[in-house]
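*Asks:* no FASTA, just this:
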């Protein structure tokens, strides 16, 4: 394949959509990015407008191509990566969503999850799908739409409605929409719905029946690296094969070249997500982690992972900026935190969407504890940053216990890795080195690699390994006694967030 060709990744994220063009060395050639509205109809509800997202996707593709002075003929393939559990339901005949996309952070489905759990409990389907019943996952969000949008259930049972995560929505629109759009997802996204059997990599009809979701709504499950179709929507990349789909955290794992059993990465974004490659073995978690599909290349066997999902990390900084107006831009949090030497005894547990791993407590809500008159805004800024590191430490503790192997270093990526204060504290509180690659946009890069491998632009995983390069390393400097004290107080702070939501709260 000509050296002059490139691969494009479309990264449909929680706060924005991006298009990034990569060359054969895995370096960024050009980027387009646009934020979309975060819609909060009620406390605990989070939505996105799928039409706005689709419009933005087209716009960022145009931005990236224009900035690189490229056209469709220069693009060998397109990879898609996405916010994973966010679910959208739409009419296959018109392409119109029947309701806004319900975002992974949304907690409105707690009563649906409780109902499905019944007397068996939240682990009712865990042996099959690797996940507990929780508001995080896509299946119950679709149930909510069918039960609460007028006429939705009838239209679904008549075969007129489709559902999918955001990868499915983007690919369907790119490949023709109502005029023959391809209705697919990949194994990584399917494994986040509560509906896919981890062993067979197919939808479990009995779970779909329990939820009341007609199987006609479900996309076809494909591998993470194969040609699904070509762009047909008449846009700037018409005719280019769409050849890779990976949920964002699995894409980052792929982009970080975590191909060996026991390798792990942590992504610092809206939330934090740590994945450890467990190879072709499905490892059930006994410590509050998720068992999920890591990736599947074409006809090769699926590779699995253990995952620790944290709901609120970067979005806590966003909340301080947008809701409290404490800062005017996200990077200011570091300079504010640097005005103090420690957290002043304050701990910020951002359980805005309940607590995810390792607790899985939908009844938790955020708390700022340990306050005295000594505490100032610098301490609160530092406590907000430290919350990310403390939550990561609890996930790593669970991961070491489940895997039986103590991690010796942690590969990191995502926007918050630009924050030196946080990264040094992360190394300190974990007691292991924290390592960032040269290309920190590993989510988009992973999707690009999956697509490029499918069309022969890259030969396989070895090219990904060869392209990976270390940029920066943070080494622990904290005494063990101080680490133990901070973690003990953090765990005490977490207990103050539990049992907050009463039964009469919607």
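*Replies:* Sure thing, it's come through. Everything numeric here is computed off the predicted structure, so don't read it as measured data. Numbering: from 1, shown residues only.

*Asks:* List the contacts of the residue of the chain positioned farthest from its centre.
*Replies:* The C-alpha centroid of the chain is most remote from residue 373, which lies 37.8 Å away (C-alpha atoms, centre = their mean). By C-beta atoms under 8 Å, 6 or more residues apart in numbering, no residues touch residue 373. C-beta here means a position set from N, CA and C on the backbone, and glycine is covered the same way.

*Asks:* looking at this protein, which helix or strand is least sure?
*Replies:* Lowest mean confidence among the helices and strands of the chain (mean pLDDT, DSSP states H and E): helix 461-467, at a mean of 89.

*Asks:* Tell me the buried residues in the host helix or strand of residue 221?
*Replies:* Using DSSP states H and E, residue 221 falls within strand 220-222. In terms of neighbour count (16 or more other C-beta atoms under 10 Å), strand 220-222 has its buried residues at 221, 222.

*Asks:* Ok, stretch 77-89 next?
*Replies:* Neighbour-count burial for stretch 77-89 flags 77-89 (criterion: 16+ other C-beta under 10 Å).

*Asks:* go on, stretch 120-133?
*Replies:* 122, 124, 125, 126, 128, 129, 130, 131, 132, 133.

*Asks:* which stretch of helix or strand covers residue 394?
*Replies:* Here residue 394 is assigned to helix 377-403, by DSSP H and E.

*Asks:* mean confidence for that helix?
*Replies:* Mean pLDDT, computed over helix 377-403, is 94.

*Asks:* Distance from the chain centre to it, please.
*Replies:* Helix 377-403 sits 18 Å away from the centroid of its parent chain (C-alpha atoms, centre = their mean, to the nearest Å).

*Asks:* List the residues that contact residue 439.
*Replies:* Applying C-beta under 8 Å, 6+ apart to residue 439 gives the contacts 26, 27, 28, 255, 445, 469.

*Asks:* Can you name the residues that contact the last one?
*Replies:* Residues in contact with residue 469, defined by C-beta under 8 Å, 6+ apart, are 437, 438, 439.

*Asks:* cutoff 10 Å now
*Replies:* 25, 26, 27, 437, 438, 439 (C-beta atoms under 10 Å, 6 or more residues apart in numbering).

*Asks:* What's opposite the fourth one in the beta bridge?
*Replies:* Right, residue 437. Residue 437 forms beta bridges with residue 470, as assigned by DSSP bridges.

*Asks:* For burial, what's the neighbour tally of it?
*Replies:* When neighbours are defined as other C-beta atoms under 10 Å, residue 437 has 23 of them.

*Asks:* The first one now?
*Replies:* By other C-beta under 10 Å, 10 other residues sit near residue 25.

*Asks:* Return the distance of it relative to residue 73.
*Replies:* Computed as C-beta to C-beta, to the nearest Å, the residue 25 to residue 73 distance reads 21 Å.

*Asks:* just the fifth one next, same as before
*Replies:* Distance of residue 438 to residue 73, given as C-beta to C-beta: 29 Å.

*Asks:* cool, and the third one?
*Replies:* According to C-beta to C-beta, residue 27 stands 21 Å off from residue 73.

*Asks:* can you tell me which of the contacts of residue 439 are in strands?
*Replies:* Per DSSP state E, strands hold the following members of the contacts of residue 439: residue 28.

*Asks:* Can I get the contacts of residue 439 in CSV including pLDDT and distance to residue 248?
*Replies:* Converted to CSV, the contacts of residue 439 look like this (pLDDT from 0 to 100; distance: C-beta to C-beta, whole Å):
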residue, pLDDT, distance to residue 248
26, 90, 17
27, 91, 20
28, 93, 17
255, 92, 10
445, 93, 12
469, 89, 22
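
*Asks:* Where do the helices of the stretch 251-400 of the chain begin and end?
*Replies:* 314-322, 332-337, 377-403 (DSSP state H, counting those that start in this stretch).

*Asks:* same question but for the stretch 51-200 of the chain, I mixed them up
*Replies:* Under the criterion DSSP H, counting those that start in this stretch, the stretch 51-200 of the chain carries helices at the ranges 110-117, 126-129, 138-148, 152-157, 166-174, 187-190.

*Asks:* now for those, which one comes closest to residue 33?
*Replies:* helix 166-174 (15.3 Å; C-beta to C-beta).

*Asks:* could you check the angle helix 138-148 makes with that closest one?
*Replies:* With axes from the mean of the first three to the mean of the last three C-alpha atoms, to 10 degrees applied, the angle from helix 166-174 to helix 138-148 works out at 70 degrees.

*Asks:* List the buried residues for helix 166-174?
*Replies:* For helix 166-174, burial by neighbour count (16+ other C-beta under 10 Å) applies to 166, 167, 168, 169, 170, 171, 172, 173, 174.

*Asks:* Pick out the most distant pair among the residues you listed.
*Replies:* With distances taken as C-beta to C-beta, the most widely separated pair in these is 166 and 174, at 12.2 Å.

*Asks:* shared neighbours, the two?
*Replies:* Listed as contacting both residue 166 and residue 174 by C-beta under 10 Å, 6+ apart are 54, 57, 80.

*Asks:* taking those one by one, which sit in strands?
*Replies:* The strands, defined by DSSP E, take in residue 80 from those.

*Asks:* Would you tell me which one of the shared contacts of residue 166 and residue 174 comes nearest to residue 37?
*Replies:* The closest of these, once distances to residue 37 are taken by C-beta to C-beta, is residue 54, at 13.5 Å.

*Asks:* State the distance from the nearest residue to that closest one once chain neighbours are set aside to residue 53.
*Replies:* In space, and not counting its chain neighbours, residue 54 is closest to residue 173: 5.4 Å by C-beta to C-beta, 6 or more residues apart in numbering. Distance, residue 173 to residue 53, by C-beta to C-beta: 10 Å.

*Asks:* got it, and residue 416?
*Replies:* 23 Å.

*Asks:* swap in residue 353?
*Replies:* Residue 353 sits 20 Å away from residue 53, going by C-beta to C-beta.

*Asks:* Am I right that residue 335 is in contact with residue 420?
*Replies:* No. Using C-beta atoms under 10 Å, residue 335 makes no contact with residue 420, being 11.0 Å away.

*Asks:* Identify the contacts common to the two.
*Replies:* By C-beta under 10 Å, 6+ apart, no residue touches both residue 335 and residue 420.

*Asks:* where does the stretch 201-350 of the chain dip in pLDDT?
*Replies:* Counting by pLDDT under 70, the stretch 201-350 of the chain shows low-confidence ranges at 233-235.

*Asks:* what are the ranges of the strands in it?
*Replies:* Assigned by DSSP state E, counting those that start in this stretch, the strands in the stretch 201-350 of the chain fall at 202-203, 220-222, 225-230, 241-247, 264-268, 272-279, 290-295, 303-310, 347-349.

*Asks:* got the contact list for the second one?
*Replies:* For strand 220-222, the external contacting residues (C-beta under 10 Å, 6+ apart) are 168, 171, 182-187, 189-191, 193, 195-196, 200-203, 228, 245, 293, 296, 298.

*Asks:* Done for today, thanks.
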